[in-house]
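# no letters, just coordinates:
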Ligand code: FAD
């Protein structure tokens with residue numbers, strides 16, 4: 001039995017799905033032990049019950065005005081105090097922008113090893129074994145911690161979320177935040193609405209084949225009908241057809257949706273690094289020799305401007321029927 005501490009994360013007041021994946025992984029690691037979820041922000045109270053429904057026994061809610069906007073300094077001070085207080089036997093963070101920034105700092109502070117970007121967890125002979133992708137997702141390695149407690153970041157969209165009803169105790173935990181060296185004066189949000197790309201179950205991506213910013217419109221319509229998110233290749237970003245925040249690949253975001261529809265994307269190795277672990281890949285390309293077809297489960301050779309609207313119409317019928 002282990003006491004596992006999980007940092008959860010919310011975006012615009014909504015709990016991020018990866019938090020529940022981390023709780024599911026924590027349940028496995030805890031082997032019947034206690035699971036403590038940490039929720040930062042005063043608005044965390046309204047989703048504390050959801051954390052309980054997914055296995056958390058205790059939810060530590062940390063409200064402090066210095067934590068309203070993420071800064072490495074403030075969050076690491078807060079997490080250091082929680083960890084010292086809870087004294088966990090394993091720690092999980094989400095592999096998000098915040099988790100990626102914070103985890104190494106916390107690991108260094110406590111002298112712990114960190115296994116980042118894990119996609120699976122198992123316990124074998126009392127050892128916690130994490131699986132993580134290497135070589136841009138072409139292979140997987142298994143890692144265990146040989147000294148100190150297991151500490152890992154969990155990649156979104158890989159661990160099937162399980163419900164595990166438990167009664168929760170809510171603990172309001174006060175932290176002292178001193179000496180913040182960076183102050184965020186203003187947060188300017190990009191006007192990217194809809195589903196979060198890194199957690200989307202369906203991603204419709206456009207490449208240089210969309211030919212213009214307007215060329216993304218049919219993809220956006222398809223994404224809307226399917227409740228998915230729009231992504232892009234670097235080719236499309238470099239050509240200024242869309243914002244770099246949509247870029248998927250080696251130097252962009254890594255996505256693992258249930259369905260990835262690549263439209264007008266050739267399938268360069270650097271793009272595959274960000275999406276080849278998607279469960280089903282559909283490629284639409286007018287060149288039958290395009291390398292994307294080698295990894296696609298379904299390939300459609302044709303003009304995306306004809307194929308995508310047809311798909312949208314057919315999916316609309318299904319959704320409305
Ligand atoms: P192209 O290779 O030009 O392909 C366009 C495709 O569209 C073609 O296959 C064409 O047949 C098809 N097409 C054209 N018109 C139509 C139409 N009407 N209907 C259907 N199909 C059509 N790339 C990434 O994506 N992500 C990364 O993170 C990334 N990181 C990189 C890092 C490094 C260090 C380097 C060197 C490169 C990186 N790249 C990355 C760039 C990568 O090598 C490719 O250049 C890029 O992915 C190509 O984008 P594309 O497939 O959109 O464009």
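Everything's here; your move. No experiment lies behind these values; they were computed from the predicted model shown.
# C-alpha from now on. contacts and neighbour counts both.
Will do.
# so the closest residue to the ligand within the stretch 1-150 of the chain: helix, strand or coil?
Nearest residue of the stretch 1-150 of the chain to the ligand: residue 136, at 10.5 Å (Cα to the nearest ligand atom). Here residue 136 is recorded as coil under DSSP: H, G, I helix; E, B strand; the rest coil.
# list the contacts of it.
Applying Cα atoms under 8 Å, 6 or more residues apart in numbering to residue 136 gives the contacts 250, 273, 274.
# how about the second one, phi and psi?
It refers to residue 273. Backbone torsions of residue 273, given as degrees, to the nearest 10, read phi -60, psi -20.
# count of residues packed around it?
A count of nearby residues for residue 273, using other Cα atoms under 10 Å, gives 23.
# how about it: what's its closest non-neighbour residue?
residue 136 (4.7 Å; Cα to Cα, 6 or more residues apart in numbering).
# quick revisit: now tabulate the contacts of residue 136 in a markdown table and tack on distance to residue 38 and pLDDT.
Converted to a markdown table, the contacts of residue 136 look like this (distance: Cα to Cα, whole Å; pLDDT from 0 to 100):
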| residue | distance to residue 38 | pLDDT |
| --- | --- | --- |
| 250 | 31 | 91 |
| 273 | 32 | 92 |
| 274 | 29 | 92 |
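# of these, just say which sits nearest to the ligand.
Set against the ligand, the nearest of these by Cα to the nearest ligand atom is residue 250 (3.8 Å).
# who in the chain is up against the ligand?
207-209, 233-236, 247-252, 264-268, 270-271, 284-287, 290, 302-305 (Cα under 6 Å from any ligand atom).
# same thing but 5 Å
207-209, 233-235, 249-252, 264-266, 268, 270-271, 285-287, 303-304 (Cα under 5 Å from any ligand atom).
# just the buried ones out of the residues you listed, please.
Listed as buried from these are 207-209, 233-235, 249-250, 252, 264-266, 270-271, 285-286, 303-304; burial here means 16 or more other Cα atoms under 10 Å.
# dihedrals phi and psi, residue 109?
Dihedral angles (degrees, to the nearest 10) for residue 109: phi -60, psi -40.
# tally of neighbours for it?
Counted with other Cα under 10 Å, residues neighbouring residue 109 total 11.
# how much space between it and residue 76?
Applying Cα to Cα, to the nearest Å, the value for residue 109 to residue 76 is 9 Å.
# cool, and residue 247?
29 Å.
# any idea where the helices of the stretch 201-321 of the chain begin and end?
Residue ranges of the helices in the stretch 201-321 of the chain, as given by DSSP state H, counting those that start in this stretch, are 217-226, 234-238, 269-275, 292-295, 304-320.
# show me what the longest one is in contact with.
Going back to what we said before, that points to helix 304-320. For helix 304-320, contacts defined as Cα under 8 Å, 6+ apart pick out 209-210, 218-219, 221-222, 225-226, 263-264, 284-286.
# mind showing which ranges of the stretch 101-250 of the chain have poor pLDDT?
Applying pLDDT under 70 to the stretch 101-250 of the chain flags the ranges 190-194.
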